[in-house]
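>>> Give me a 3D structure for the following:
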Amino acid sequence: MIEYSRQPHYLVAVDCIVFGFDGEHLKILLVKRGLEPEINKWSLMGGFVGADESPDDAANRVLKKMTGLEGVYLEQMQIYGEPARDPIERTLSVGYFALIDIHKYEAQLNDDYEAEWFLINDRPKLIFDHNQMVADARKKLRYKAALHPILFEMLPKKFTIPQLHILFEEVNDTKIDTRNFSRKITSTGLLIKLAEKDRTGSKKGAFYFKLDKKKYSANSQAFLNLMPNLKV
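Just a heads-up that it's a prediction; the model follows:
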């Protein structure tokens with residue numbers, strides 16, 4: 001016990017990078033910081049880990065408190081611990097990223113902390129090391145999207161191939177050949193074609209698809225190396 005007491009003590013926090021897709025653009029959800037330092041400047045959603053909670057519990061609590069969001073895809077990313085990252089006191093932060101369909105959660109989002117969506121490539125400067133967190137989260141998202149179909153978390157239950165194509169382009173920040181994408185994505189065997197069409201873009205329309213959750217659970221590696229072969 002004496003050895004424990006001799007060690008330095010740090011604060012532990014969580015920060016959440018919330019990615020959303022509105023059918024056309026990849027966006028990030030930011031809030032205005034409510035305390036000094038950097039009060040009223042744009043920030044990720046964050047807070048301290050309580051004495052009786054895990055980082056995962058804290059991340060879910062913070063996300064619900066600051067945005068009203070709950071039940072969303074949330075994954076732990078990495079720990080940020082540069083000694084001077086917080087000018088007030090030494091603080092280790094556990095980074096998380098979340099994925100949501102923006103339209104699905106529009107009514108659930110609260111305004112208490114002035115949460116606002118920004119285009120991922122047109123976001124304001126963030127406090128502390130939050131810009132680095134966003135960059136790291138985007139790299140992690142690209143990597144995970146090439147291995148697992150996690151991007152379906154950002155789509156409605158039924159979607160079109162063009163919508164999925166736009167999402168993959170936005171996440172990877174690159175143009176992807178349309179025909180090659182359609183062929184590759186359908187070859188995974190994870191999509192179920194529906195009889196209904198989306199005719200908002202043209203008279204011909206585009207068929208809706210949905211994720212085959214049973215096949216996904218049995219073969220979550222179906223997206224392995226998908227993205228590198230799709231880039232133009």
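
>>> where do the helices sit along the chain?
In the chain, helices defined by DSSP state H lie at 2-6, 55-67, 130-147, 161-172, 178-187, 213-218, 226-230, listed in chain order.

>>> Give me the domain ranges for this structure.
Residue ranges for the domains of the chain, per automatic domain parsing: 11-147, 151-219.

>>> I'd like those as JSON lines, with distance to residue 5 and mean neighbour count appended.
Every C-beta, even on glycine, is put in place using the N, C-alpha and C of the backbone. Supplementary listing: those in JSON lines, determined by distance: least, Cβ to Cβ, whole Å; neighbours: other Cβ atoms under 10 Å:
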{"stretch": "domain 11-147", "distance to residue 5": "17", "mean neighbour count": "17"}
{"stretch": "domain 151-219", "distance to residue 5": "44", "mean neighbour count": "15"}
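
>>> Any idea which of these gets closest to residue 4?
Of all those, it is domain 11-147 that lies closest to residue 4, at 15.6 Å by Cβ to Cβ.

>>> Dump the domains of the chain into JSON lines; add mean pLDDT as well.
What follows is the domains of the chain, written out as JSON lines (pLDDT from 0 to 100):
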{"stretch": "domain 11-147", "mean pLDDT": "93"}
{"stretch": "domain 151-219", "mean pLDDT": "87"}
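
>>> and the residue nearest to residue 46 when sequence neighbours are not counted, what does it touch?
Take residue 46 and drop its neighbours on the chain: the residue closest to it by Cβ to Cβ, 6 or more residues apart in numbering is residue 15, 4.1 Å away. With contact taken as Cβ atoms under 8 Å, 6 or more residues apart in numbering, residue 15 is in contact with 44-46, 80, 93-96, 130, 133.

>>> Including distance to residue 4, could the domains of the chain go into a markdown table?
Output for those, formatted as a markdown table (distance: least, Cβ to Cβ, whole Å):
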| stretch | distance to residue 4 |
| --- | --- |
| domain 11-147 | 16 |
| domain 151-219 | 40 |
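
>>> beta partners for residue 74?
Partner residues in beta bridges with residue 74, using DSSP bridges, are residue 98.

>>> roughly how far apart are it and residue 62?
Counting by Cβ to Cβ, to the nearest Å, the separation of residue 74 from residue 62 is 10 Å.

>>> Between the contacts of residue 15, which sits nearest residue 175?
residue 133 (26.7 Å).

>>> Quick check: that closest one touching residue 85?
No - shown here, residue 133 and residue 85 do not form a contact pair, counting by Cβ atoms under 8 Å, at 10.2 Å.

>>> rewinding a little: for the helices of the chain, give me TSV that also has distance to residue 24.
Output for these, formatted as TSV (distance: least, Cβ to Cβ, whole Å):
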stretch	distance to residue 24
helix 2-6	53
helix 55-67	21
helix 130-147	18
helix 161-172	6
helix 178-187	16
helix 213-218	25
helix 226-230	19
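
>>> do you know which of the ones you listed lies nearest residue 113?
Of all those, the one in closest proximity to residue 113, counting by Cβ to Cβ, is helix 55-67 (4.7 Å).

>>> Which elements pack onto the closest one?
When contacts are defined as 3 or more Cβ pairs under 8 Å, 6 or more residues apart in numbering; DSSP states H and E, helix 55-67 sits against strand 11-21, strand 26-32, strand 45-48, strand 73-80, strand 91-101.

>>> how about those strands in CSV, adding distance to residue 209?
Compiled in CSV, those are given as follows (distance: least, Cβ to Cβ, whole Å):
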stretch, distance to residue 209
strand 11-21, 16
strand 26-32, 20
strand 45-48, 32
strand 73-80, 19
strand 91-101, 15
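
>>> between the ones you listed, which one is nearest to residue 145?
Of all the helices and strands packed on helix 55-67, it is strand 91-101 that lies closest to residue 145, at 9.7 Å by Cβ to Cβ.
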